[in-house]
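Visitor: 3D, please:
(one chain, ligands or ions: 1)
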Amino acid sequence: MRISFGLAWQAGHWLLPVALGAKLLAGAATGAVLLATNAALALLLAGTPTVERLMDALPVLLAVAAGGVARSVLSSVGDAANGKLAPRIDRAATVKLLERAVHVELVIIKNAEFRNLMSAAARGALSARMVTTYAIALVEALTGLIAAAGVLTVLHPALMPLMVVVTVPSAWGAVRMARARFTSMKRWTELQRQLETLSGLLIDSSPAEEVRAHRAGGFLLHHYQRLARLSEAEQARLARLEARTTLLSDGVAGVARLAMYGVLGALLVSGSVQMAVAGTVVIAIRSGTAHLTSLVSAVNDLYEQGLFVQDWKQACDRAEAEAIKGGTIELTSPPEQIFVRDLWFTYPNNEQPSVSGVNLTVRRGEIVALVGENGSGKTTLAKLMVGLYMPQSGAVWWDGHTTAEVNRASLYDHVALVAQDFVQWPFTARVNVTIGRSTRPPDPVSLHTSAEFGRAHEVVDRLDAGWDTLLAPEFLGGTMLSGGQWQRIGLARAHYRDAAVVIFDEPTAALDPRAEIEVFERVSDLANEGRAVVLVTHRMASVRRADRIYVLDRGEVIEQGTHDKLMALNGRYAELYTLQASQHQDPVSPRS
Ligand SMILES: Nc1ncnc2c1ncn2[C@@H]1O[C@H](COP(=O)(O)OP(=O)(O)OP(=O)(O)O)[C@@H](O)[C@H]1O
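Guide: Residues are numbered from 1 along each chain as shown. Below is the predicted model:
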C-alpha cells in the first residue's frame, strides 16, 4: 500500500486523499443513519401508530433519508476520484518500469532471471492501481464496520458481542475462501500461462507453416486439452470447497442469528432494551456483517495484488541498480581508431568465456572482418567493441579512452548497427529507416540516399502507400515484407544513422546474390568515406577485400591478416574459404 500510495500521490496528488476521505465519511454516515433510524423507530414504536406520531417522526425520517443520500453521494465521490486516479497510477507505474528497463545493461536484459522478473513486474504495474482501489474499499468497509459496532455499543454494551457472534461465521467463511482462492490462483496462473502459450502456438501466424506442414496441430491440441482438463478439475475443486464452506458458515451464522434473537428477546422481556433499539440492532448487525465481508475480501485482494506490486518495485530497483553506468567523459567527436587489448568476456551463468584474450585494431577508413565457426564469439566481440557489453578484463579503447570511462550515450552516438536479428519495427517504412536517427527530424534527402545504399527503394516502390506503408501485418492496413526485403530496410536504417563506426553482423544472410554483391560494394564505399567498418560474416567471398581479417575459435583470435596472407598461411581461414569456394566450383553430377 505504501508503494501504491506513493505512486498515487505522484500521479494524482489530491485524488487519493479525496477518495479515502469520501469513503471515510461514507462509512461514518452509516453510523449516523443507524442512530437516526433508532431515533425514528423510538418515535414510531412509542405507542399505537397515529398520524400525529408519524408527523412527529417526520424530521427524523427525513434525517435518515438525508443520511442515506449523503452516504451514497460520498461513496460516489470516492469512486469518481478513484476512477480518475486508477489509470494515472497505471501509467505512472508502467512508465517508471519502462524508463528503467530501457537503461538496463544489455547483458542483464538478456538474462533469463531478469526477464522473468520483468514480466512479473509488468503485471505488478497493473496491480498498483488495484491496490489503491482495494485500499479505498477497505476504508469504506472498515469505517462502516466500526460505525455499526459503535452504534451498538452506544445502544447497549451487551449488543456489541452479539454482532461479533453473528459476523464471525461469515468472516471465517470469507477468510477461508479467500485463502483457498489465493492458493489456487498461484497454481492456476502457471497452468493458465501454459494454456495461453499453447493456444498462441495454434493461433499465431509465425508457427502456422510448421503447425500445418509438420502436422504439429494435433499434438498441441492434445496437450491443450490435457491442461484444460487439469484447470477444470482445479476450478471444480474450488467450487466444491466454496459450496461446503458457504453451507457451513451460513448454517453456523443462522444458529448465531437465532441465538442473537433469543438474547434480544430476553433483553426486551427484561426491559433492558426498547423495541426500537431491537429493530436498530437487527439493521446494524446486517450492515456490520456486510461491511465485514467486504473488509475481508478487500484485505485478501490487497494482499494478493500487493505481492505483484512488490514484484514491480523489486524489478524497478533491480533495473535501477543494473542501469548502464558508464563514465563521465563525453565523446564529442568520433574515434580515429578502436583498439582492443587482452579482452575477456564471460556471459552470466556461462562457465566458458565467449571472448578470451582478444587483441585487435580497427581504424577509420578500414574494414575489419571477424570470421569463425558458429559460436566462436564474433557477435559478442563486436558488441564489446561498441560498448554494448563491458569487458570483465582487458579493455576496448576508443582513441585515448576505454568504453568503461566514457558516457555510453555519447559513445552510441557514433555507432550504427546491422545486427543479425535487427528489429522489424511495427511502423511505416519511412519510420523504419529514420528511426536510425530518431533524435533528429526526418530528412528526406538522407532517406533517399540511405534507401539507395540498402537498395530499399526497390522494396518501397512496390508498396501500395510507398514510404507511408505500415510494415506490420498484425495491424489493420499493415503489410508483410520478406526476409530479404526487411534486410534492405535494415541496411538503409544503419546508413541513415550516419555514424563513424558501423557494425555489420551477417548483413546479407537473406539477400539475393545480386543484392549481396552490391551491398558489399557499398560497405567498401562506407569505409572509403572514412568510417570504421566491422564485418561479421560467414560469406567468405565477401571478406576478401577486408583490410584485416580476424579468425576466431572459441573466443580466441587464432589467425589474423589480409586474405592473401591468411591463404598463404594455409590454416583455419584457408580451410573455411576453400570449403565454401569448392561448393561453387566442384562439378556436380546429377543424382541417378
Ligand atoms: N546472451 C547470451 N547469454 C549466454 N551466452 C551467450 C549469449 N550470447 C552468446 N552466448 C554464447 O557465447 C558464445 C559466442 O556466441 P556469439 O553469438 O558471439 O558467436 P558467433 O561467433 O557470433 O556465432 P554465430 O556465427 O552462430 O552467429 C556462444 O557459445 C554462445 O552460446
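Visitor: which residues touch residue 484?
Guide: 510, 511, 512, 515 (CB atoms under 8 Å, 6 or more residues apart in numbering). Where C-beta positions appear, they are placed from N, C-alpha and C, glycine not excepted.
Visitor: Give me the pLDDT for the closest residue to the last one other than its chain neighbours.
Guide: Using CB to CB, 6 or more residues apart in numbering and skipping the chain neighbours, the partner closest in space to residue 515 is residue 455 (5.6 Å). Listed pLDDT for residue 455 reads 87.
Visitor: can you check residue 102 too?
Guide: If you check residue 102, the pLDDT there is 92.
Visitor: ok, it to residue 96 distance?
Guide: 11 Å (CB to CB, to the nearest Å).
Visitor: Looking only at neighbour counts, state which of those two leads.
Guide: With other CB atoms under 10 Å as the criterion, residue 102 and residue 96 differ in neighbour count, and residue 96 comes out ahead with 21 against 11.
Visitor: how about the more buried one, secondary structure?
Guide: Assigned by DSSP: H, G, I helix; E, B strand; the rest coil, the conformation of residue 96 is helix.
Visitor: Show me what from the chain comes close to the ligand.
Guide: Counting by CB under 6 Å from any ligand atom, the residues of the chain close to the ligand are 110, 347, 350, 354, 372, 374, 375, 376, 377, 378, 379, 380.
Visitor: Specify the beta-bridge partners of the fifth one.
Guide: Partner residues in beta bridges with residue 372, using DSSP bridges, are residue 552.
Visitor: Return the set of buried residues in stretch 521-539.
Guide: 523, 526, 527, 531, 532, 533, 534, 535, 536, 537, 539 (16 or more other CB atoms under 10 Å).
Visitor: just those residues now: which is nearest the ligand?
Guide: Checking those against the ligand with CB to the nearest ligand atom, the nearest one is residue 536 at 6.3 Å.
Visitor: Compute the distance between the residue nearest to the spatial centre of the chain and residue 195, please.
Guide: The geometric centre of the chain, computed from its C-alpha atoms, lies nearest to residue 122 (CA atoms, centre = their mean), at 2.8 Å. In this view, residue 122 and residue 195 are 19 Å apart by CB to CB.
Visitor: Is residue 351 located within a strand, as I assumed?
Guide: No: under three-state DSSP, residue 351 falls outside any strand and is assigned coil.
Visitor: Could you tell me how many residues sit around it?
Guide: With neighbours defined by other CB under 10 Å, the count for residue 351 comes to 6.
Visitor: And it, its phi and psi?
Guide: Backbone torsions of residue 351, given as degrees, to the nearest 10, read phi -90, psi -40.
Visitor: Per-residue pLDDT of it, please?
Guide: In the predicted model, residue 351 carries a pLDDT score of 90.
Visitor: Contact partners for it?
Guide: Remark: with contacts taken as CB under 8 Å, 6+ apart, residue 351 is in contact with nothing.
Visitor: low pLDDT regions in this structure?
Guide: The chain contains residues with pLDDT under 70 at 49, 186-187, 189-190, 584-592.
Visitor: Just after the helix ranked longest in it, pick out the following helix or strand.
Guide: Using DSSP state H to define each element, the chain has its longest helix at helix 217-269. Later in the chain than helix 217-269, the nearest helix or strand by DSSP states H and E is helix 275-321.
Visitor: Contacts for the host helix or strand of residue 369 next, please.
Guide: Secondary structure from DSSP H and E places residue 369 in strand 367-372. Applying CB under 8 Å, 6+ apart, the set of residues contacting strand 367-372 from outside is 360-362, 378, 381-382, 523-524, 527, 532-538, 540, 543, 545-553, 572-573, 576.
Visitor: Mind doing that once more with 6 Å?
Guide: Under the contact criterion CB atoms under 6 Å, 6 or more residues apart in numbering, strand 367-372 has outside partners 362, 378, 527, 533-536, 543, 546-553.
Visitor: How about stretch 100-118?
Guide: Contacts of stretch 100-118 from elsewhere in the structure, counted by CB under 6 Å, 6+ apart, are 315, 316, 319, 320, 322, 323, 324, 348, 388, 389.
Visitor: let's go with 10 Å and repeat that
Guide: Residues outside stretch 100-118 that contact it (CB atoms under 10 Å, 6 or more residues apart in numbering) are 97, 121-122, 124, 311-312, 314-326, 345, 347-349, 380, 383, 387-390, 408-409.
Visitor: hang on, the earlier thing: not counting residues beside it along the chain, what's closest to the residue nearest to the centre of the chain?
Guide: In space, and not counting its chain neighbours, residue 122 is closest to residue 97: 7.0 Å by CB to CB, 6+ apart.
Visitor: residues in contact with that neighbour?
Guide: 118, 121, 122, 124, 125, 312, 313, 315, 316, 319.
Visitor: Number of residues surrounding residue 90?
Guide: Using other CB under 10 Å, the number of residues around residue 90 comes to 18.
Visitor: end-to-end on stretch 360-378?
Guide: Distance between the two ends of stretch 360-378: 12 Å, counting by CA to CA, to the nearest Å.
Visitor: ugh, wrong one, stretch 500-512
Guide: Rule used - CA to CA; the end-to-end distance of stretch 500-512 is 27 Å.
Visitor: What residues of that stretch count as buried?
Guide: With the criterion 16+ other CB under 10 Å, stretch 500-512 contains buried residues 500, 501, 502, 503, 504, 505, 506, 507, 508, 510, 511.
Visitor: in which helix or strand would I find residue 514?
Guide: helix 513-528.
Visitor: by how many degrees do that helix and strand 367-372 diverge?
Guide: If you take axes from the mean of the first three to the mean of the last three CA atoms, to 10 degrees, helix 513-528 sits at 130 degrees to strand 367-372.
Visitor: following helix 513-528, which helix or strand comes up?
Guide: The C-terminal neighbour of helix 513-528 among helices and strands, as given by DSSP H and E, is strand 532-536.
Visitor: So what angle separates the directions of that following strand and strand 367-372?
Guide: Interaxial angle of strand 532-536 relative to strand 367-372 (the same axes, to 10 degrees): 20 degrees.
Visitor: Strand 532-536: partners in the sheet, and parallel or antiparallel?
Guide: strand 367-372 (parallel), strand 501-505 (parallel).
Visitor: so how far is the last one off the chain centroid?
Guide: So that's strand 501-505. How far strand 501-505 lies from its chain's middle: 30 Å, per CA atoms, centre = their mean, to the nearest Å.
Visitor: Could you tell me the angle between the longest helix of the chain and helix 275-321?
Guide: Taking the same axes, to 10 degrees, one finds helix 217-269 and helix 275-321 inclined to each other by 150 degrees.
Visitor: So which residues of the protein form strands?
Guide: For the chain, the strands defined by DSSP state E occupy 337-345, 355-363, 367-372, 393-398, 401-402, 415-418, 501-505, 532-536, 548-553, 556-561.
Visitor: Adding distance to residue 6, write those out as a markdown table.
Guide: Formatted as a markdown table, the entries for the strands of the chain read as follows, by distance: least, CB to CB, whole Å:
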| stretch | distance to residue 6 |
| --- | --- |
| strand 337-345 | 39 |
| strand 355-363 | 43 |
| strand 367-372 | 48 |
| strand 393-398 | 40 |
| strand 401-402 | 39 |
| strand 415-418 | 37 |
| strand 501-505 | 42 |
| strand 532-536 | 45 |
| strand 548-553 | 49 |
| strand 556-561 | 51 |
